[in-house]
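Asker: Output the structure for:
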Amino acid sequence: MAIINNEHIEQLKSKANKLAKRALDQHINLAVTGLSRSGKTAFITSFVNQLVAESSQSDMSYFKAINHGRFIAAKRVPQKDLHVPRFDYESAMRALSQTPPAWPEPTKGITQLRLSVKFEPDSSILKYATDTATLNIDITDYPGEWLLDLPMLNQTYEEWSEAMQVLLESSPRHEFAKSFIEKVKQLDPFAPTDENALAELASEYTALLHIFREKLGLSLIQPGRFILPGELENAPILQFVPFINFSDIAFERYQKSNDETMIGMMRARFLEYKERVVKQFYKKHFAHFDRQVILADCLTPLNQGVDSFKDLQQTLALISQSFSYGKSNFLSRLFSPKIDKLLFVATKSDHTTPEQHSNLVSLLNQLVQPIRQQVSFENIQIDTLAIASIKATKAGKSSYRGEDISVIQGCKLADNSTITLFPGEVPAELPNENYWQKNHFNFIAFSPLHSASEVKALPHLRMDQVLEFLIGDKMS
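Answerer: Below is the predicted model of the structure:
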């Protein structure tokens, strides 16, 4: 008889325990990601804070477990994936508790946090099995750029290069990318591999990606690990670039080229990047998520203009290629967890006046309409919300030319001075070319409204609706 060692027994026990929790819906793998400057760290901090600080009776009227008096308590507990960095909730709260308060430092890669929420079951099978139940929520925070890398799995090096060339040669990227494009055009693709030359090209391409993201406010950044390399910094796997003008080279010769040539080495590194970086992220993390939040800052692209807003549209369209959807019913939860709820969130809604919030939701709905059509066919629940994870302004009225107008007031992030303004109207529909010529926006960055308190939950807009959509059904 074969002897089963203790390690194997523990693995079997762990797997059986996970299966039992999935069957009873006592566990959620919640993924949170965000596009450029969308406030991902603030969102996760507020999500946790609204639950662990619930006794302060923050405005949570839409979260039924609290509103119906069935919520008991929530606490942070040690995460299960010990190899993944922990989301630093304590540091985030310290930043928000300063005088004046400051926004938490953004995370640089993947992080995790686990919450245990105790509640009284109401209508599910748990009601007949126990008086109280515990829902474990594993929150995984990962960069939006990693999500945008997933479509690369279905691309060849030449297909990816052609897609990147289109972006580089289009406004607003082209003005900054001209020098890089010319350097790649001058490259002899079949010359012997020059490691130093490849490193220099990759460094210049990476610098461009940072300009696109941080100066131009663009969201479509590939490859994502180039700007957030982590432990891969300076590794050869991140030293390749898109080749320009594939149509100018002999394709048969390209196919036969090996990694002793420049183009053969770039292709080899592209394939290795897909295999060891993109695919590993999918296998280790993405394939196991069962609920997903995608945060988007729709206001900054409106400020930046038509090119930036079109980039946001293109980015959201690309996201639709990144998911493996499937209804997470009782049986499929046991054997193949899949995303069964998808929430798109327009952040920083308090940077507009209250009557503009419905327009912001309408705009986001139109931006994600292609994704909605795809996932709705698969019976996946999808929702859109305009929120403020942590409030940065207060709304009011001001007199202008004898009329009362809606305004917001807050402290400018740049110098912490107080400002009162009407930042502009949010379009309820996707803007056409004429719209950009006639409308101008003044959506500015604000500091947090108040210093965080140990005895009060963080002020927010609609985080209760976020909680109800993402975890409400598991606490029924």
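
Asker: The nearest residue to L367 once chain neighbours are set aside: neighbour count?
Answerer: Spatial nearest neighbour of L367, excluding adjacent residues (Cβ to Cβ, 6 or more residues apart in numbering): L316 at 5.2 Å. Yep, even glycine has a C-beta here, placed from its N, CA and C like the rest. The number of residues packed around L316, counting by other Cβ atoms under 10 Å, is 21.

Asker: So for the one helix or strand L316 maps to, what gets flagged as buried?
Answerer: Using DSSP states H and E, the secondary-structure element containing L316 is helix 306-319. For helix 306-319, burial by neighbour count (16 or more other Cβ atoms under 10 Å) applies to 306-313, 315-316, 318-319.

Asker: average model confidence for it?
Answerer: Across helix 306-319, pLDDT averages out at 88.

Asker: cool, stretch 92-108 as well?
Answerer: 94.

Asker: ok, residues contacting it?
Answerer: Residues outside stretch 92-108 that contact it (Cβ atoms under 8 Å, 6 or more residues apart in numbering) are 40-42, 45, 49, 87-88, 91, 141, 143, 228, 230, 390, 411, 413, 416, 447-454, 458.

Asker: So which of the residues you listed are in strands?
Answerer: Counting by DSSP state E, the part of the contacts of stretch 92-108 found in strands is 141, 411.

Asker: what about the strands in this structure?
Answerer: With strands called from DSSP E, the chain shows them at 27-34, 71-77, 111-119, 133-141, 291-296, 341-346, 381-386, 393-400, 403-411, 418-421.

Asker: looking at those strands, which is closest to E260?
Answerer: strand 27-34 (38.5 Å; Cβ to Cβ).

Asker: need the contact list for the nearest residue to H351 once chain neighbours are set aside.
Answerer: Sequence neighbours aside, F443 is the residue nearest to H351 in space, at 5.3 Å (criterion: Cβ to Cβ, 6+ apart). By Cβ under 8 Å, 6+ apart, the contact set of F443 is 299-300, 302-303, 348, 351-352, 423-424.

Asker: what residue ranges in this structure score low on pLDDT?
Answerer: 1-25, 55-58, 124-130, 320-337, 377 (pLDDT under 70).

Asker: Hmm, E162 is touching E169, no?
Answerer: No: using Cβ atoms under 8 Å, E162 is not in contact with E169; the gap is 10.8 Å.

Asker: Narrow the contacts of stretch 92-108 to just the buried residues.
Answerer: If we count by 16+ other Cβ under 10 Å, the contacts of stretch 92-108 have these buried: 40-42, 45, 49, 87-88, 141, 143, 228, 390, 411, 447-450, 452, 458.

Asker: any idea how far E425 is from S406?
Answerer: 10 Å (Cβ to Cβ, to the nearest Å).

Asker: let me redo that: A452
Answerer: On the measure of Cβ to Cβ, A452 and E425 end up 32 Å apart.

Asker: Q313 now?
Answerer: Q313 sits at a distance of 19 Å from E425 (criterion: Cβ to Cβ).

Asker: Between E162 and E169, which is the more surrounded one?
Answerer: Taking neighbours as other Cβ under 10 Å, E162 and E169 compare with E162 leading, 17 against 13.

Asker: Please name the residues that touch N303.
Answerer: 217, 441-443.

Asker: Mind giving me the PyMOL select for the residues you listed, buried ones only?
Answerer: Of the contacts of N303, the buried ones go into a single PyMOL selection, burial set by 16+ other Cβ under 10 Å:
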select buried, resi 217+441+443
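
Asker: Need the max-distance pair from the contacts of N303.
Answerer: G217 and N442 (15.1 Å).

Asker: if we can go back for a sec, and the angle from the helix holding L316 to strand 341-346?
Answerer: For helix 306-319 against strand 341-346, the angle by axes from the mean of the first three to the mean of the last three Cα atoms, to 10 degrees is 170 degrees.

Asker: So what touches helix 306-319?
Answerer: Counting by Cβ under 8 Å, 6+ apart, 35, 147-148, 151, 171-172, 216-220, 294, 296, 298, 300-302, 367-368, 370-371, 430-431, 433, 436 sit against helix 306-319.

Asker: Which members of these are classed as buried?
Answerer: 35, 147-148, 151, 172, 216-220, 294, 296, 298, 300-302, 367-368, 371.

Asker: ok, how many other residues are close to D340?
Answerer: 21.

Asker: quick one: it and I380 touch, right?
Answerer: Yes: assessed by Cβ under 8 Å, D340 is found in contact with I380 at 6.0 Å.

Asker: Now do E468 against I66, distance only.
Answerer: In terms of Cβ to Cβ, E468 sits 9 Å off from I66.

Asker: backbone phi and psi for F243, please?
Answerer: With angles defined as degrees, to the nearest 10, F243 sits at phi -80, psi 140.

Asker: Any figure for the gap between the nearest residue to it once chain neighbours are set aside and D149?
Answerer: If the residues on either side of it in the chain are set aside, F243 comes closest to S161, at 4.6 Å by Cβ to Cβ, 6+ apart. S161 sits 15 Å away from D149, going by Cβ to Cβ.

Asker: Thanks a lot, see you next time.
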